[in-house]
Every structure is written in structure tokens, then in C-alpha cells.
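Enquirer: Got a sequence here, can you build the structure:
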Amino acid sequence: MMVEAFAAIARTDLLLVSHVEDQEQGAGSFLCSLAACQGATPDDGRTWRDAIYTVIRATMEQQGEGIGIERMCLLVGVSRAGCYRHWLASTPREEETTLRDEIQRLSLANRKNGYRHNGYRPIAVLLRHEGWTVNHKRVARIRREDNLLCVPKLSFRPATTDWRHGWPVSPNMARHLVPMAVNQLWVADITHVRLREEFVYLAVILDAFSRLVVGWAMAEHLRADLALSALDMSLGNRQETPGALVHHSDQGVQYACGDYIVRRERAGIQPSMSRPGCPWDNAMAERFMCSLNRDEVNC
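Expert: Here you go, the predicted structure:
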């Protein structure tokens with residue numbers, strides 16, 4: 001409330017200063033009374049100067065170079081350099097407030113059935129399309145401060161992984177593997193796709209270096225033929241070197257069964273499997289499936 005009061009006093013002071021400048025009478029007594037409004041404490045004086053600087057800026061924006069900033073600062077007894085410093089300090093705050101308002105608008109506009117499903121990266125892309133120069137880390141910080149994090153809607157998900165089987169399980173060889181070229185690490189996973197009247201299942205194999213889909217298959221069942229079809233497409237699309245390629249998947253029976261092992265060994269592919277109930281071990285494939293369902297299937 002004190003800032004608004006000082007701002008109101010400052011507006012009145014500037015109007016009177018302009019009038020005094022025009023009349024050139026009584027300027028000395030008026031400026032003395034204006035100096036008395038600064039208050040008795042340093043905090044009061046700082047607040048008074050900030051209010052004066054704000055009013056000077058508003059006056060310059062409305063009237064242009066009518067009086068001149070140097071003349072206005074001289075009449076009210078403030079520093080022109082301090083006025084410029086105040087403007088430079090307030091400009092980033094104004095830009096931050098405008099950007100925060102735009103992020104809130106986009107976050108609330110990109111909702112579906114009351115749930116926020118767009119993350120900070122798509123919001124950053126939308127902002128850049130609107131002409132903002134902003135990176136995804138700044139958008140993530142503002143959304144986190146404003147509690148605009150994604151709230152995905154939980155829906156029915158049919159199980160696609162059955163790791164309770166008697167087939168041998170391979171160790172996780174992809175955990176510390178960083179691919180430096182294509183055909184060094186493939187990641188595989190199976191997800192469901194909900195249609196109007198039924199569910200179908202999609203098996204996908206990704207190249208971990210290029211993040212491109214090298215093979216996929218879709219069927220109405222979860223038998224091993226689904227995963228084998230995706231593997232056959234991958235082998236047909238890529239010319240891999242035997243022994244140099246690691247195939248990583250979960251411990252589902254589709255990837256651990258005998259038919260899949262025979263086909264994989266025939267191509268000279270090394271097996272790798274995640275720990276049971278640990279989707280982080282196959283995060284790249286899990287993230288691809290999540291984005292596919294959110295952006296393409298359930299959009």
C-alpha cells in the first residue's frame with residue numbers, strides 16, 4: 001500500500017512540476033515541499049525514488065520527449081543515471097512476468113479432460129513458435145515454481161509383460177553401454193493400442209543411437225510371433241555385424257522363449273534384459289511408447 005501511495009504522490013508531483021516549469025513561478029517553494037515528501041528514513045526515500053522513476057517512465061511512454069528525462073529528473077531532484085538503472089532492473093522482471101503468464105496460458109490450454117499432459121519441452125517449442133527466445137530449462141523452472149507439472153490421467157492398461165516363466169534370463173548388458181554408432185544397441189518393448197472396440201498390441205525395436213524405429217509389428221495377440229515379426233523386420237532393414245549388436249528388452253516371455261532365442265543367436269545378437277518390475281532399465285523404449293500413446297493414439 002505504501003508503494004501505491006508514493007506512486008500517487010509522485011504522479012501529482014510531476015504534474016505540478018510540469019505546471020511550475022510552464023509558469024516559472026513558485027518553483028523554489030514547491031521543490032522544497034517535494035523534497036519533504038521523501039520521508040525521514042532511508043527506506044522511505046528509496047521507495048519515493050522508485051515511485052518517481054516509475055512515473056517518469058510512464059510519462060515518457062505516454063508523452064514521448066515532451067519535457068525530456070533530464071529535465072524531469074532535474075526538477076524532482078533525482079539522478080538520471082539512477083532512473084536508467086531502475087529501468088534496466090525492472091525490464092527483466094516485466095519480461096519474466098509476461099513469459100510466466102504465457103506459460104500458464106499454454107499449460108492450461110493444452111489440457112484434455114482436466115489433465116495436463118504436455119511437458120515443458122512441447123511448451124518450449126510452442127513459445128519459440130510465438131517468437132519467444134527461451135530454452136526448455138527455463139520453462140521447466142517456471143512450471144515447477146507455478147505447480148504446472150504434468151498430471152497424466154491414469155487409465156486401464158492391459159498387461160503386456162509376463163516375466164513369471166521358466167525360460168533363462170539374460171543379464172543387463174545395456175546398463176552402462178553408451179552407443180557410439182548405429183547397430184550397437186537395440187531396445188525392444190511391447191505396448192497396447194486401444195481402438196474403438198478392442199485392444200491391439202504393438203511391438204517396436206528402436207536403435208538406441210539414432211532413436212529410429214528399425215522394426216515393428218502389430219497383432220491382436222501377445223504370442224511370441226508378435227516380437228519375432230518386429231525382429232525380422234529389424235534384421236531386414238539393417239545390416240548388423242554379428243557379435244557387435246546388443247538386443248535389450250524386458251523379461252517378458254515373448255523375448256525369453258526358445259523361438260526368439262534361436263532367431264537372435266542365428267543373427268549373432270547378444271541378449272540383454274532389464275530387472276523385473278524396473279522400467280528404468282529400458283527407459284528409452286518406455287519413453288517412446290509413452291509418447292506414442294499420448295501424442296498419436298490418445299490425442
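
Enquirer: use CA for all of it now, contacts and neighbours both
Expert: Will do.

Enquirer: And for residue 68, the neighbour number?
Expert: 13 (other Cα atoms under 10 Å).

Enquirer: From residue 58, how far off is it?
Expert: Separation of residue 68 from residue 58 (Cα to Cα, to the nearest Å) stands at 12 Å.

Enquirer: quick one: the strands in this structure?
Expert: 111-112, 115-116, 185-194, 199-207, 213-219, 245-249, 269-273 (DSSP state E).

Enquirer: Now tabulate these in JSON lines and tack on mean pLDDT and mean neighbour count.
Expert: JSON lines is the format used below for the strands of the chain (pLDDT from 0 to 100; neighbours: other Cα atoms under 10 Å):
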{"stretch": "strand 111-112", "mean pLDDT": "60", "mean neighbour count": "14"}
{"stretch": "strand 115-116", "mean pLDDT": "50", "mean neighbour count": "16"}
{"stretch": "strand 185-194", "mean pLDDT": "89", "mean neighbour count": "23"}
{"stretch": "strand 199-207", "mean pLDDT": "91", "mean neighbour count": "21"}
{"stretch": "strand 213-219", "mean pLDDT": "93", "mean neighbour count": "19"}
{"stretch": "strand 245-249", "mean pLDDT": "92", "mean neighbour count": "24"}
{"stretch": "strand 269-273", "mean pLDDT": "92", "mean neighbour count": "21"}
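
Enquirer: what is in contact with residue 68 and residue 58 at once?
Expert: Where contact means Cα atoms under 8 Å, 6 or more residues apart in numbering, no residue is in contact with each of residue 68 and residue 58.

Enquirer: Ok, which of the strands of the chain comes nearest residue 146?
Expert: Across the strands of the chain, residue 146 has its closest neighbour in strand 115-116 (13.3 Å, Cα to Cα).

Enquirer: shaky segments in the stretch 101-250 of the chain?
Expert: 110-118, 150-165 (pLDDT under 70).

Enquirer: repeat that for 90
Expert: 101-126, 128, 130-136, 138-178, 191-201, 220-224, 238-244, 250 (pLDDT under 90).

Enquirer: rewinding a little: how about the strands of the chain in a markdown table, adding distance to residue 237?
Expert: Listed next are the strands of the chain as a markdown table, based on distance: least, Cα to Cα, whole Å:
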| stretch | distance to residue 237 |
| --- | --- |
| strand 111-112 | 37 |
| strand 115-116 | 37 |
| strand 185-194 | 13 |
| strand 199-207 | 11 |
| strand 213-219 | 7 |
| strand 245-249 | 14 |
| strand 269-273 | 15 |
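
Enquirer: I'd like to know which of these lies nearest to residue 287.
Expert: That would be strand 185-194 among these, by Cα to Cα, at 10.4 Å.

Enquirer: What helices and strands are in contact with the closest one?
Expert: strand 199-207, strand 245-249, helix 283-292 (3 or more Cα pairs under 8 Å, 6 or more residues apart in numbering; DSSP states H and E).
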